[in-house]
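**Student:** Fold the following for me, if possible:
(one chain, ligands or ions: 2)
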Amino acid sequence: MMTREMPAFDEVVRFHGHRCPGLATGYRVSELALRELATSRSGDEELVAIVENDACGLDAIQYVTGCTIGKGNLILRDYGKQVYTFIRRNKSDAIRIVPHPREDSKESRMMQEIVSRVFAGTATPEEIERVASDRAEKIEYLLTASLGDIFSYRHVTADIPEKARLFRSVACARCNEMVSESRARVENGSIVCIPCFSEYSRGW
Ligand SMILES: [Zn+2]
Ligand SMILES: [Zn+2]
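**Tutor:** Ligands and ions are numbered 1, 2, ... in the order given. Below is the predicted model:
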């Protein structure tokens with residue numbers, strides 16, 4: 001089997017800005033997707049990711065798999081769900097990945113209360129320390145556990161989204177800035193951009 005290089009996690013941390021469990025999850029999601037679809041980082045649009053949340057993990061997915069918002073091969077369906085689907089266009093293979101749900105124990109509920117105190121700024125130094133070490137442990141687990149222990153996944157048939165299209169730009173009749181035809185609105189028969197259209201429809 002060909003080797004597919006994963007960048008070091010620290011590299012991804014540099015890109016994202018901090019170390020967090022969400023980023024570690026996205027890192028392993030990417031590893032699983034590349035392994036299961038037998039592919040490497042996508043330079044073009046061969047690999048497509050459909051993600052159902054817009055949290056930290058996305059940055060790892062963009063960095064590691066090469067599926068990015070800018071290239072149009074990362075599609076955000078903002079359902080607030082931890083579900084990741086990857087499609088390999090030319091092999092018509094796809095995989096749907098879902099992390100195992102977090103355990104709901106007395107201890108994890110207590111931990112959540114402490115975390116909310118940390119965010120509210122009312123935690124004791126011991127609690128802050130505890131949250132930090134719990135986070136570090138979580139990250140360590142996510143980086144070292146086997147992929148099957150962290151995720152459930154299955155190969156699926158997914159509709160292949162069409163490749164990114166190039167749209168013509170037109171000038172907005174109100175602000176005169178250019179706007180892609182695919183996003184333009186019509187106001188009294190003139191073409192306008194969304195911000196200008198919103199002002200119009202609010203009646204200002
Ligand atoms: Zn983060
Ligand atoms: Zn405008």
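**Student:** so where's the protein shaky on pLDDT?
**Tutor:** By pLDDT under 70, the weakly predicted segments of the chain are 1-4, 42-44, 163-165, 200-204.
**Student:** what sits against the residue nearest to Glu11 when sequence neighbours are not counted?
**Tutor:** Sequence neighbours aside, Tyr63 is the residue nearest to Glu11 in space, at 7.6 Å (criterion: Cβ to Cβ, 6 or more residues apart in numbering). Where C-beta positions appear, they are placed from N, C-alpha and C, glycine not excepted. Listed by Cβ atoms under 8 Å, 6 or more residues apart in numbering, the contact partners of Tyr63 are 7, 11-12, 15-16.
**Student:** tell me which element Tyr63 is part of?
**Tutor:** If you go by DSSP states H and E, Tyr63 is part of helix 57-65.
**Student:** What segments of the protein are helices?
**Tutor:** 9-16, 21-36, 57-65, 106-120, 125-144, 147-150, 194-202 (DSSP state H).
**Student:** Quick one: closest of these to ligand 2.
**Tutor:** Ligand 2 sits nearest to helix 194-202 of all the helices of the chain, at 3.3 Å, using Cβ to the ion.
**Student:** So which bits of the protein are right by ligand 1?
**Tutor:** When proximity is defined as Cβ under 5 Å from the ion, the chain approaches ligand 1 at 20, 23, 56.
**Student:** out of the contacts of Tyr63, which is most surrounded?
**Tutor:** In terms of neighbours by other Cβ atoms under 10 Å, the contacts of Tyr63 top out with Val12 at 22 neighbours.
**Student:** Where does the record place the domain boundaries for the protein?
**Tutor:** The chain breaks down by automatic domain parsing into domains covering 9-102+146-156, 169-202.
**Student:** Which of the ones you listed has the highest mean neighbour count?
**Tutor:** Highest mean neighbour count among those (mean count of other Cβ atoms under 10 Å): domain 9-102+146-156, with a mean of 18.
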